[in-house]
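Asks: I need the structure of the sequence given here:
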Amino acid sequence: VQLVESGGGSVQTGGSLRLSCAASDNTVRRRCWGWFRQAPGKEREGVAVIDGAGTTAYTQSVKGRFTISRDNAKSTVYLQMNSLKSEDTALYYCTTGEKSSWLEYKYWGQGTQVTVS
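Replies: Numbering: from 1, shown residues only. Model (predicted):
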């Protein structure tokens, strides 16, 4: 499956962005999906995950601000980001694999840049 992220950009502190990850097939609902990010000079970190049952989880620093969701009909996974902070600045990637209940990291998109200032 091929993944294409979009929706990144530059935003002021406190602003919002919605990232999209479009999949090339219609198996979104059967996969576990994740969003990762990587800031300059830092390791890639997991941000949010949604499994095939729709259960979600978030890293502590984004809880209450970010929401991961999916639209099966559009074969797209989203990351709604509110109350953005400068420390959210990073290249954001979506990833998935062949499993429904856990994240396999098998397929990755090219990334979309988010800059908060």
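Asks: A22 and Q38: what is the separation?
Replies: Remark: distance between A22 and Q38 (Cβ to Cβ, to the nearest Å) = 20 Å. To be clear about C-beta, it is placed using only N, CA and C from the backbone, and glycine gets the same treatment.
Asks: Comparing the two, which residue is more hemmed in?
Replies: Per other Cβ atoms under 10 Å, whichever of A22 and Q38 has more neighbours is A22, with 17 against 14.
Asks: List the buried residues in the strand or helix carrying that one.
Replies: Using DSSP states H and E, the element containing A22 is strand 17-23. Neighbour counts over strand 17-23 (16 or more other Cβ atoms under 10 Å) mark L17, L19, S20, C21, A22, A23 as buried.
Asks: What of stretch 64-72?
Replies: Within stretch 64-72, the residues scored as buried using 16+ other Cβ under 10 Å are F66, T67, I68, R70.
Asks: what sits against the most centrally placed residue in the chain?
Replies: Centroid-nearest residue in the chain, with Cα atoms, centre = their mean: W35, separated by 2.9 Å. Taking Cβ atoms under 8 Å, 6 or more residues apart in numbering, we find W35 in contact with 19, 21, 46-49, 68, 77, 79, 92-95.
Asks: Now intersect these with the strands, please.
Replies: Of the contacts of W35, the ones assigned to strands by DSSP state E are 19, 21, 46-49, 68, 77, 79, 92-95.
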